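Chemist: quick one: sequence plus predicted model below, questions after.
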Amino acid sequence: MIFQEFEIRVFLVFSVQLFIVGLYSTLAALIVRRNRNRSTYLIGVFFSLSVFPFILNAVSTVVRLDPISYYVYVFSVYILLFSQSFLILFTVNLLKKEISRPVLGYLTSYNVLSLVLALIPGSLQYSEGTNWTPVWSLEFYILISVLFAGAIIIPQTVLSFKLYKKLKETFLKKNFYKLFIGSFINFVSMLSVAYYNAFPDNEVFRTVWGVITFFMIPSAGILIYLGMRNNLD
């Protein structure tokens with residue numbers, strides 16, 4: 001079996017993914033409504049942007065029209081990568097209460113490179129030829145995984161440890177644990193999505209991931225929300 005059955009993709013998109021859209025949209029609204037400051041806006045944008053790839057996936061699944069569906073899918077991948085920048089901005093803001101130009105320049109470079117890699121012909125395939133299921137090239141999978149790990153995961157981990165050392169109160173540290181674990185699950189989910197799309201022949205992983213994604217991604221969002229709910233900043 002070369003490609004995932006289209007029917008399975010429809011099930012995942014219109015059950016799991018749209019459930020995540022509803023959950024993340026609710027969390028974004030609760031965060032901003034609870035306490036309006038720069039930190040809550042940043043994490044609110046993270047949640048808001050995170051739902052767009054799932055919505056665009058639903059659109060591209062329904063429309064199925066070359067080349068429109070292809071570009072909608074490419075844009076959804078880019079937005080998913082772009083949304084992760086706001087976790088970095090959120091943590092930087094907690095640490096320094098300001099976001100410097102070098103940080104913005106760094107994240108801008110990451111986002112531009114992500115888009116360039118996604119637009120390279122052959123990086124992403126999504127068409128009638130793939131039975132309207134996304135397939136990532138091995139080269140794109142490796143490059144985007146290395147870029148994501150180096151530009152997002154490692155800096156976020158370093159910043160998180162700096163933030164932990166800064167916290168004094170016990171209840172803030174408990175909140176930090178939730179935030180850190182939620183971010184970690186989120187990153188694992190991102191890398192798993194990349195692997196899922198890059199290796200369509202791995203039926204075991206694709207079946208398992210189709211089940212656990214229903215728990216992993218919502219869990220990540222809920223933990224991130226709980227981690228910063230009680231005014232972590």
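Modeler: Received the coordinates, thanks.
Chemist: this protein: strands as residue ranges?
Modeler: Secondary structure of the chain (DSSP state E): strands at 124-125, 135-136.
Chemist: Serialize the ones you listed to JSON lines and add fields for distance to residue 219, mean neighbour count and mean pLDDT.
Modeler: In this view, the C-beta of every residue, glycine as well, is placed from N, C-alpha and C. JSON lines is the format used below for those (distance: least, CB to CB, whole Å; neighbours: other CB atoms under 10 Å; pLDDT from 0 to 100):
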{"stretch": "strand 124-125", "distance to residue 219": "27", "mean neighbour count": "21", "mean pLDDT": "94"}
{"stretch": "strand 135-136", "distance to residue 219": "25", "mean neighbour count": "22", "mean pLDDT": "93"}
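Chemist: which residue is nearest the middle of this structure?
Modeler: Of all residues in the chain, the one closest to the mean position by CA atoms, centre = their mean is residue 80, 4.7 Å from it.
Chemist: quick one, what contacts it?
Modeler: Going by CB atoms under 8 Å, 6 or more residues apart in numbering, residue 80 touches 50, 53, 190, 193.
Chemist: which of those ranks first by neighbour count?
Modeler: residue 50 (25 neighbours; other CB atoms under 10 Å).
Chemist: can you read off the pLDDT for that residue?
Modeler: Residue 50 is assigned a predicted lDDT (pLDDT) of 92.
Chemist: residue 12 now?
Modeler: Note for residue 12: predicted pLDDT of 62.
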